[in-house]
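Peer 1: My questions are about this predicted structure, shown below with the sequence.
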Amino acid sequence: RAAFTLPGIAGVILTFGMAVDSNVLIYERIREELEAGADLRTAVRLAYQKVLSTIVDANVTNLIVCVVLGYTATAEIRGFAITLGIGIVATLISALILSRLIFVLLVDRLGVRSMPQLPQLIPALQRLLSPSVNWLRLRPVFIGISTLYVGLGVLMVFHQGAQMLDTELRGGTQMLIQLRQQDPKDPASPRLTMTRQEVLDRVEAVAQQAPPDSPLVQLRNAQVVPVDPQADQVTSDQFMIKTTIADPQAREEAVDAIVTALRDVIDSQPALRFRGSEQQQAPISERIVARVSSGDLREVFDRPDLPQTDVSDFVGGVAILLEDVDPPVTLESIKSRLAQTRGQPPYDEQALGRPTDVIVLQGSPEQVRTAVVLAVDPVLTFYEDDARWRASS
């Protein structure tokens, strides 16, 4: 599974380019064979024979890269790898099998004997595509140009260093902020909007006010990306903030600092407290996390006092008991907190595609006093591989 985000869309677009490239090779080879005096049937046969190795080599090389990225990269890059990999396989099938089948039907079944191409109809275009230039004689010029560009590239790499890499390659912290509604009491009220520069100014202000030895100083290099921006491409009610802060403790400090800097425009939710939330090792009778090994919630936690609740859809997953929530919150608030947590590293990769649910056990959707959070991985359960399940949980 992978997220279909901008990198995934980029993979689809790149697939179009590779598909066009494969067909260009085929048609150019057919044109060359026709110019050499071959009939259409022979030209098609020879063209596919000669381009087979070129197309397969180019696409298989890219497919190997997709496999490596699919197993090692983050969720966003994995989306690029999967979409591009599917496109490469589809390109190979369509270029080498489907298109040749169409040619066979046209030539052998329908009796097509001539298939002129544009360069054959326009002599000027043919001369333009076949220039009589001694390229080898000009190799010193091209070597000089190539050396210049390679040298500039190496110089820029040394000058930029790690700064030229994004957080997907360098690691770091990525957080998504959602601006609050203009009228917090009205659910239908539109949300506040800010420009990218306004958000960036607040983040950079945190770095300027931090001590020189504080990890918050790295926020001066933070990137702010508007999500679903308006027509001006910089104004939005949702922003992605990326930093190179990778240390877990420093990451929490950076997130708290950014939330504090934007507290007047975002929904600041107090920490959710419930029974056992502050205990590292809770007694068995008070445990808040349990494997869902039964369809009855009471058997899952070994708590006959809990309401009878059917959790059979989450057998093989995990259950988290939120008991005596203080202060009581709405069901929508719990779901919102859960979605926000699942969207932040390091949980964004593990949580991707896993069904979840929140069931109210005591109270009402407007005032939840006790609830259970359920999650399951449809691909991997603890019944199948307990060690992998623990590592991915």
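Peer 2: Structure received. Residues are numbered from 1 along each chain as shown.
Peer 1: what's the burial count for the nearest residue to residue 250 once chain neighbours are set aside?
Peer 2: Nearest non-adjacent residue to residue 250, counting by CB to CB, 6 or more residues apart in numbering: residue 215, 3.7 Å away. Quick note: C-beta positions are derived from backbone N, CA and C, even for glycine. Residue 215 has 19 neighbours, counted by other CB atoms under 10 Å.
Peer 1: Can you name the residues that contact residue 215?
Peer 2: By CB atoms under 8 Å, 6 or more residues apart in numbering, the residues touching residue 215 are 245, 247, 250, 253, 254.
Peer 1: Nearest to residue 230 among those?
Peer 2: The shortest gap between residue 230 and any of the contacts of residue 215 belongs to residue 254, at 27.5 Å (CB to CB).
Peer 1: Might one say that the closest one is in contact with residue 243?
Peer 2: Yes. Residue 254 lies in contact with residue 243 (CB atoms under 8 Å); the separation is 6.1 Å.
Peer 1: Quick check: neighbours shared by these two?
Peer 2: 173, 218, 219.
Peer 1: Against residue 354, how distant is the last one?
Peer 2: Meaning residue 219. Per CB to CB, to the nearest Å, residue 219 is found 31 Å from residue 354.
Peer 1: one step back: tell me the buried residues within the contacts of residue 215.
Peer 2: Buried subset of the contacts of residue 215 (neighbour count, 16 or more other CB atoms under 10 Å): 245, 250, 253, 254.
Peer 1: Look up how far residue 236 lies from residue 257.
Peer 2: Distance from residue 257 to residue 236, by CB to CB: 21 Å.
Peer 1: wait, residue 219
Peer 2: Using CB to CB, residue 219 is found at 20 Å from residue 236.
Peer 1: okay, the two: which has more neighbours?
Peer 2: For residue 219 versus residue 236, neighbours defined as other CB under 10 Å are more numerous around residue 219 (25 against 22).
Peer 1: Would you agree the more buried one is in contact with residue 242?
Peer 2: No. Here residue 219 does not reach residue 242: they are 10.6 Å apart, not a contact under CB under 8 Å.
Peer 1: hmm, back to that, and the shared contacts of residue 254 and residue 243, which is closest to residue 89?
Peer 2: Nearest member of those to residue 89, counting by CB to CB, is residue 173, at 35.3 Å.
Peer 1: got a pLDDT number for that closest one?
Peer 2: Predicted confidence (pLDDT) for residue 173: 80.
Peer 1: Can you tell me who it pairs with across the strands?
Peer 2: Listed by DSSP bridges, the beta-bridge partners for residue 173 are residue 243.
Peer 1: how many other residues sit next to it?
Peer 2: Neighbour tally, residue 173, other CB under 10 Å: 24.
Peer 1: so how far is residue 238 from it?
Peer 2: Using CB to CB, residue 173 is found at 17 Å from residue 238.
Peer 1: How far does the lengthiest helix in the chain sit from its chain's centre?
Peer 2: Secondary structure of the chain read by DSSP state H shows that its longest helix is helix 40-72. Mean-position distance between helix 40-72 and its chain equals 27 Å (CA atoms, centre = their mean, to the nearest Å).
Peer 1: what about the helices in the stretch 151-300 of the chain?
Peer 2: In the stretch 151-300 of the chain, the segments counted as helices under DSSP state H, counting those that start in this stretch are 167-170, 196-209, 248-261, 297-301.
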